[in-house]
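Student: Return atomic coordinates for the entry below.
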Amino acid sequence: MFYGLATKKIRSSLVTFRHVLEDIESLNRKALEGQYHLTAISYHAYPHVADKYVLMASGSSIGDGYGPMLVAMRPMEPDEVRSKRIAVPGKLTSAYLALKLYEPDFEAVVTPFDKILTAVSERSVDLGLIIHEAQLTYHKTGLHRILDLGRWWKTKFDLPLPLGANALLRSLPAEVQSECCRLMRESIQYALDHREEALSYALQFARDMDTRLADKFVGMYVNQYTVDCGEIVPKAAQKMLDLGYEAGLIPRRVEVEFAR
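Tutor: Okay, here's the model as predicted:
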């Protein structure tokens, strides 16, 4: 997504960027304090930061019939996850919210996302809630997929599962917000139009992925929804956040709002 901006293929006379690489839960927590002008966040985090940030129409990661997964050392039925110890990548992640909506009764063990497969393999937890590329590599460690939350969500609500988004500080001037939205949209489109070079750049940040697997992963989460959220993503996000509020998982009801 950020290839065009990071390599200055996409430029602006109004704003410049300093890129900070952190895991999504760390970014969620820093968004609570309004630390960055523009930041990736989980959709689950939005109600907690909506007073400070507005979502961007470009940059969403959406699971359309696929998404975060529960994996375990042994096969089990999805209804067996009740009361289990589950490694989760953070309590503000959309994966965690989706799992709580599926099954409220479990013990969450907050674990860095790239350590979850190890935690399951070492049996320090019963299951792991995996995000990012672990969704494509978990089988290499002999683990079993128990549940795909994106598939469950699609079957239940006939909607894609909103996972990550980009957000802008509301305090930024309107022309800066508009310029950031343009730059983000053009950066994503540039990467899609120059896929091979963008993928080559992105591979330096990949963990345990070859080019073929990385290309598959990119195709899952950088797509038409990423260039522009359209109408379906706001609808899906509103549904997820409303359900979270009704279940007592989100402190207040919010209306999703997107800058363009």
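Student: so Ser61 makes contact with Tyr221?
Tutor: Yes: counting by C-beta atoms under 8 Å, Ser61 does reach Tyr221; the two are 4.4 Å apart. Every C-beta, even on glycine, is put in place using the N, C-alpha and C of the backbone.
Student: Pick out whichever of the two has more residues nearby.
Tutor: Ranked by neighbour count (other C-beta atoms under 10 Å), Ser61 and Tyr221 place Ser61 first, with 25 against 20.
Student: Might you report the residue contacts of that one?
Tutor: 163-165, 221-222, 226 (C-beta atoms under 8 Å, 6 or more residues apart in numbering).
Student: do Ala259 as well
Tutor: 54-57, 168, 177-178, 181.
Student: what do you get for Glu77?
Tutor: Ile146.
Student: So what does it have for phi and psi?
Tutor: According to degrees, to the nearest 10, the main-chain angles of Glu77 amount to phi -80, psi 150.
Student: What of the one 5 residues further on?
Tutor: For Arg82, the backbone dihedrals are phi -60, psi 130 (criterion: degrees, to the nearest 10).
Student: Can you tell me how far it is from Asn166?
Tutor: 35 Å (C-beta to C-beta, to the nearest Å).
Student: which among the contacts of Ala259 end up buried?
Tutor: 54-57, 168, 177, 181 (16 or more other C-beta atoms under 10 Å).
Student: Just give me the closest of those to His44.
Tutor: The closest of those to His44 turns out to be Leu55 (C-beta to C-beta; 12.5 Å).
Student: Just to check, that closest one is in contact with Leu169?
Tutor: No: between Leu55 and Leu169 there is no contact under C-beta under 8 Å: 11.9 Å.
Student: Compare Arg82 and Asn166 (neighbour count), which wins?
Tutor: Neighbours per residue, other C-beta under 10 Å: of Arg82 and Asn166, the larger number sits with Asn166, 24 against 10.
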